[in-house]
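Enquirer: sequence below, structure please.
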Amino acid sequence: MTPEEQSKIEELKKSLYSRNAPEIRPKRHLDFGARPVETSNIPTDWEHPPEEPGEDVVLNQKYKPAGLPFLTKFFLGSLLFFVIAMSIGAYLMFNGSNIISANNIDIVIDGPVTVAGGDPISFVVQVRNKNNITLESVDMAIDFPVGTVDVAERSKELKQYREFMNDISPGGIGQKTVKAVLYGEENSKKEITITISYRVAGSNAIFQKQKTYELLLSSSPLSLSVSSFKEVTSGQEIEFEVTLASNSAEIIRNLLLRATYPFGFTLTSTDTKMESGGSTWKIGDIPPHGKKVIKFKGKLEGQDNEMRTFRFTAGAQSVKTSGVIGTEYIAATKEVSIKKPFISASIAFDGDDGEGIYIGEFNRPVKATISWFNNLPTSIIDGEIHLKLSGNSFDKISVSPGEGLYRSADNEIVWNRITTPALGEIGAGESGSVSFMFTPRDFSTPLRSVTSPGLAVDLSVSGKRISESNVPENVVSSARRTIRISSQLSLSSVLVRSLPPFENTGPIPPKAEKMTTYTVIWTVDNTANTVTGAEVRALLPAYVKWLGKVSPVGEDISFNSKNGELVWRAGHVDTYTANTNRRKQVSFQIGFEPSVAQVGQAPFLVQDTTLTGLDDYTGEILTNTRQALTTVFSTDPAYKDGHDKVVR
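Expert: As a prediction, the model looks like this:
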């Protein structure tokens with residue numbers, strides 16, 4: 001480069017870096033014609049001039065900086081660190097020497113897949129440690145299903161079994177043998193849950209691994225079957241027959257049967273004694289291949305088309321609580337559907353057509369009327385009525401069957417199309433009735449008293465209807481009514497003079513304006529049912545004086561001087577008291593001072609006397625009335641004609 005060129009360059013630098021450098025503007029060309037493109041020959045690299053001609057074309061590439069930018073270096077470094085960290089973490093997770101994983105612990109169960117119910121079962125639980133660290137404080141907990149008992153003590157329910165294992169080293173195996181007895185239904189699946197809890201060194205955490213062992217009960221040592229109606233009408237009595245049968249070669253001991261009743265069911269009777277509560281029967285021991293049958297009855301009420309479920313459970317009695325199932329062996333259910341009766345039937349006694357208890361009396365005839373009604377839209381043919389009479393007051397000789405056929409050997413009356421043509425065909429919505437009579441009797445003897453006397457009348461009305469498929473179907477309706485016989489509460493009211501317990505004074509016959517005393521004796525007797533709240537009431541005339549002497553002393557008897565009312569509160573009266581020391585009796589003394597206006601008369605001394613009491617069996621208020629007592633004391637052995645008239 002020549003000195004001249006060098007001088008120009010220096011001047012240009014001064015101009016570029018000077019604060020007062022003039023603004024350089026490009027020259028504008030006013031002509032719009034095509035102009036050739038001017039190329040600059042200014043060097044592109046001031047610090048490294050070209051060494052050879054044409055070398056300036058590659059100067060920038062030749063002297064370009066060799067290193068990457070800082071941000072790029074930082075990003076690449078971070079990415080490399082992340083990849084290395086992930087690789088190390090994966091290695092430690094899967095191959096690390098001190099990392100514990102539940103996936104590296106196996107629970108292996110060696111045992112049968114099927115077992116007969118009631119037979120002992122034995123299975124081995126193995127815990128295999130594939131980790132590279134020791135398992136410490138290994139706790140094995142086994143949860144058994146319902147119906148599992150201890151092998152050594154079969155009356156003891158086995159809900160859970162726990163046992164500690166020794167520490168399990170890396171690659172080691174912990175093992176325990178477990179025994180139990182399972183009960184249940186045939187072909188039912190049982191699940192046993194094994195839970196292994198453990199710790200590791202350097203940690204307070206508790207880790208767990210769980211596994212389920214499934215078993216199939218190939219047979220049951222005890223079978224439970226329930227027999228009953230599938231359909232009943234609301235209020236109809238239904239009978240259940242529950243059969244427990246042993247399939248075991250050993251005695252099944254301390255067995256209980258529990259029933260769970262649905263809403264609307266009321267137990268009425270059972271052939272086997274029950275535990276308190278009315279839902280559990282104590283079966284006791286069943287010998288090998290033996291069986292026990294329980295029968296009970298009840299009424300089921302509900303709406304049409306309702307389904308009710310009865311559940312029955314059999315098992316061993318709890319060791320701690322009597323009458324409670326401790327270990328459940330087997331269970332069964334029975335479904336019963338409530339249907340509207342196809343044909344309605346009812347029983348009326350002396351016009352009382354209610355469904356409740358009818359109260360009758362001994363020796364008073366009862367007229368019974370049976371009515372039926374066809375609820376179907378079609379006719380019922382071959383109708384038949386069966387009526388059964390029973391009870392400790394039923395006298396078969398007293399039955400008058402009307403147009404029915406009386407089978408005295410069976411205590412049954414039958415009506416059919418032969419005895420009653422109206423039963424041959426009962427049209428849709430048609431009704432009819434038949435009647436009969438009977439008389440309740442008291443069959444008590446001096447050696448045998450009949451308490452809570454009554455009768456039961458069981459009615460069954462049946463027939464046939466033509467179904468939608470033109471197949472005859474039987475239709476049945478039933479009803480039941482009971483009769484309770486009221487006790488006969490009686491009152492005796494007598495007037496005496498010479499009999500104890502009091503000494504009476506005064507003239508006989510009574511004399512005007514002179515006091516004569518008498519003794520009144522009230523006696524209450526009763527028959528079949530106990531009576532509570534017995535009371536005797538009477539009025540004394542104004543001319544009769546209450547003397548206040550009572551025997552036995554302490555009897556609850558009172559006199560109201562304002563209105564002359566006399567009340568004896570006899571209270572409880574036992575059954576069949578006549579001619580016994582259990583009868584209720586009270587004596588009291590009164591005084592009579594007649595006036596001259598009563599001369600020649602036998603005046604009243606005690607007005608009409610009334611006895612009332614509540615029959616504990618029937619719930620009826622019983623009454624008995626005796627006529628007024630006059631000066632005629634004819635029940636006294638010292639009485640003579642004329643001793644009753646007042647004299648002057």
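Enquirer: where does pLDDT dip in the stretch 351-500 of the chain?
Expert: 467-473 (pLDDT under 70).
Enquirer: just the helices in it please.
Expert: For the stretch 351-500 of the chain, applying DSSP state H, counting those that start in this stretch gives no helices.
Enquirer: quick one: contacts for the closest residue in space to Leu455 that isn't next to it in sequence?
Expert: With sequence-adjacent residues excluded and distances taken as C-beta to C-beta, 6 or more residues apart in numbering, Leu455 is closest to Gly391, at 3.6 Å. All C-beta atoms are positioned from the backbone trio N, CA, C, and that covers glycine. Residues in contact with Gly391 (C-beta atoms under 8 Å, 6 or more residues apart in numbering) are Pro453, Gly454, Leu455, Ala456, Thr482, Ile483.
Enquirer: tell me the buried residues within those.
Expert: Applying 16 or more other C-beta atoms under 10 Å to these, the neighbour count classes Pro453, Gly454, Leu455, Ile483 as buried.
Enquirer: contacting residues for the last one?
Expert: Right, the one you point to is Ile483. Neighbouring residues of Ile483 by C-beta under 8 Å, 6+ apart: 349, 357-360, 366, 391, 393, 440, 454-457.
Enquirer: cool, the second one as well?
Expert: For Gly454, the residues meeting the contact criterion (C-beta under 8 Å, 6+ apart) are Gly391, Asn392, Ser393, Thr482, Ile483, Arg484, Ile485.
Enquirer: tell me the bridge partners for the last one.
Expert: With DSSP bridges applied, Ile485 shows beta-bridge pairing to Gly360.
Enquirer: which phi and psi does the residue lying closest to Phe310 once chain neighbours are set aside have?
Expert: Distances taken as C-beta to C-beta, 6+ apart place Lys334 nearest to Phe310, at 4.6 Å, with adjacent residues excluded. With angles defined as degrees, to the nearest 10, Lys334 sits at phi -140, psi 120.
Enquirer: surely His289 is in contact with Ile252?
Expert: No. Taking contacts as C-beta atoms under 8 Å, His289 lies outside contact range of Ile252: 10.5 Å.
Enquirer: spit out the residues that contact these two alike.
Expert: Shared contacts of His289 and Ile252, counting by C-beta under 8 Å, 6+ apart, come down to Ser246.
Enquirer: now the contacts of Ile483 in TSV, with distance to Asp167?
Expert: As requested, the contacts of Ile483 are exported to TSV (distance: C-beta to C-beta, whole Å):
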residue	distance to Asp167
Phe349	85
Ile357	76
Tyr358	81
Ile359	82
Gly360	85
Val366	87
Gly391	78
Ser393	82
Pro440	85
Gly454	77
Leu455	80
Ala456	75
Val457	80
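Enquirer: mind listing which of these are in strands?
Expert: Within the contacts of Ile483, residues falling in strands by DSSP state E are Phe349, Tyr358, Ile359, Gly360, Val366, Gly454, Leu455, Ala456, Val457.
Enquirer: helix or strand with the lowest mean pLDDT in this structure?
Expert: Every helix and strand of the chain was ranked by mean pLDDT, DSSP states H and E. The lowest is helix 59-62, at a mean of 49.
Enquirer: check the burial of the closest residue to Asp352 other than its chain neighbours by counting its neighbours.
Expert: Once flanking residues are discounted, Asp352 sits nearest to Tyr358: 5.7 Å by C-beta to C-beta, 6+ apart. Tyr358 has 20 neighbours, counted by other C-beta atoms under 10 Å.
Enquirer: and Tyr358, how far from Val324?
Expert: Going from Tyr358 to Val324 by C-beta to C-beta, to the nearest Å gives 40 Å.
Enquirer: now stretch 137-155: buried residues?
Expert: Within stretch 137-155, the residues that count as buried by 16+ other C-beta under 10 Å are Val138, Met140, Ile142, Asp143, Phe144, Pro145, Gly147, Thr148, Val149, Arg154.
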